[in-house]
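Novice: what shape does this take:
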Amino acid sequence: MQLTKHHGLGNDFLVALEEVDGPLRGDATLARALCDRRRGIGADGFILGSRPAPGQAAPDGRPVDVVMHLWNADGSRAEMSGNGIRCLGQALAMARDDHEATYVVATDGGLRELVVHDDAEHRRAQVHVTMGPVGAGPDVPAAVAERLADCRHATADLGNPHLVVLVADLAGVDLVGTGGWLEQQFPSGVNVEFIAPGTQPDSVELLVWERGAGVTEACGTGAVAAAHLAHRWGLVGREVRVAMPGGDAEVILPADAGPGAEGADDEPVLIGPAQHVATIEVPNG
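Specialist: I've put the predicted structure just below:
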């Protein structure tokens with residue numbers, strides 16, 4: 001099996017494509033083995049890009065290019081990843097030798113559109129992802145509400161669940177202790193983003209504890225959830241720079257996602273890089 005390894009702002013993924021390898025089967029055991037940083041290759045997640053079903057298409061009739069199946073490093077399934085889908089987009093561009101392309105991707109969280117701008121050597125791509133509408137997140141458990149009573153917080157859904165917590169300064173956040181505890185309080189888990197106002201207008205700083213992966217350097221869906229809620233709270237405008245330890249991503253929010261709005265009919269766009277790290281041959285079995 002041929003894998004390509006990519007990272008999106010330090011959030012790294014292994015990608016296998018059926019159009020390169022033929023029929024593939026992924027599962028939790030394979031994902032854990034591949035993602036193990038000492039006994040495997042190492043990554044935050046494993047993505048299998050399978051061929052779409054015959055006739056599978058978007059509502060506007062455009063054919064689906066690839067179906068995204070995503071496992072976290074611990075073997076759990078994830079519905080969607082903003083960094084992971086950018087890595088999948090670059091892997092597809094490499095396989096097809098595309099440099100400017102638009103792809104329709106089916107995910108467990110719904111259809112997503114990617115616009116990929118890959119360089120001549122397929123080393124670094126800039127990818128625009130139409131992220132789907134931001135929905136209401138899971139209910140906040142009473143224990144979480146009590147612990148966060150002094151912090152503004154809310155949940156959101158990007159195909160996967162998020163809890164966004166506003167703090168004055170990220171330096172005081174116990175990311176492992178608090179993030180891990182918060183994730184465990186939600187029956188299906190949750191991605192936890194701690195945000196603080198950025199140093200520039202229309203920007204926020206973000207630290208993330210990802211469900212199934214722990215501390216990562218960036219989170220694409222988390223960046224969108226954070227930008228959406230920060231805008232609702234009146235902290236930023238529609239074009240938001242999200243600064244994470246791995247680097248910055250840009251989120252463009254739809255025009256009707258104004259402060260106090262319950263949600264947007266249109267879809268936010270996430271813009272960020274995908275970097276090809278290596279191409280790896282893994283023995284079958």
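
Novice: only C-alpha atoms for contact and neighbour calcs from this point on.
Specialist: Noted.

Novice: how about the contacts made by Thr155?
Specialist: With contacts defined as CA atoms under 8 Å, 6 or more residues apart in numbering, the neighbours of Thr155 are 136-140, 161-164.

Novice: and it, bridged to which residues?
Specialist: Following DSSP bridges, Thr155 is listed with bridge partners Leu163.

Novice: that one and Gly22, how far apart?
Specialist: Shown here: Thr155 relative to Gly22, a distance of 39 Å by CA to CA, to the nearest Å.

Novice: before we move on, back to that, among the contacts of Thr155, the buried ones, what's the ChimeraX command?
Specialist: ChimeraX command restricting these to the buried ones, with burial defined by 16 or more other CA atoms under 10 Å:
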select :137,138,140,161,162,163,164
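
Novice: pLDDT and distance to Val64 for the contacts of Thr155 - can I get that in a markdown table?
Specialist: Written out in a markdown table, the entries for the contacts of Thr155 read as follows (pLDDT from 0 to 100; distance: CA to CA, whole Å):
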| residue | pLDDT | distance to Val64 |
| --- | --- | --- |
| Ala136 | 92 | 27 |
| Gly137 | 96 | 27 |
| Pro138 | 97 | 29 |
| Asp139 | 97 | 33 |
| Val140 | 97 | 35 |
| Pro161 | 96 | 24 |
| His162 | 98 | 27 |
| Leu163 | 98 | 31 |
| Val164 | 98 | 32 |
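
Novice: tell me which of the contacts of Thr155 is nearest to Ala171?
Specialist: Using CA to CA, Val164 is the member of the contacts of Thr155 that lies nearest Ala171, at 16.4 Å.

Novice: run through the residues that contact the nearest residue to the closest one once chain neighbours are set aside.
Specialist: Leaving aside its sequence neighbours, Val164 sits nearest to Glu193 (CA to CA, 6 or more residues apart in numbering; 4.8 Å). Glu193 makes contact with 162-165, 206-209, 222, 226, according to CA under 8 Å, 6+ apart.
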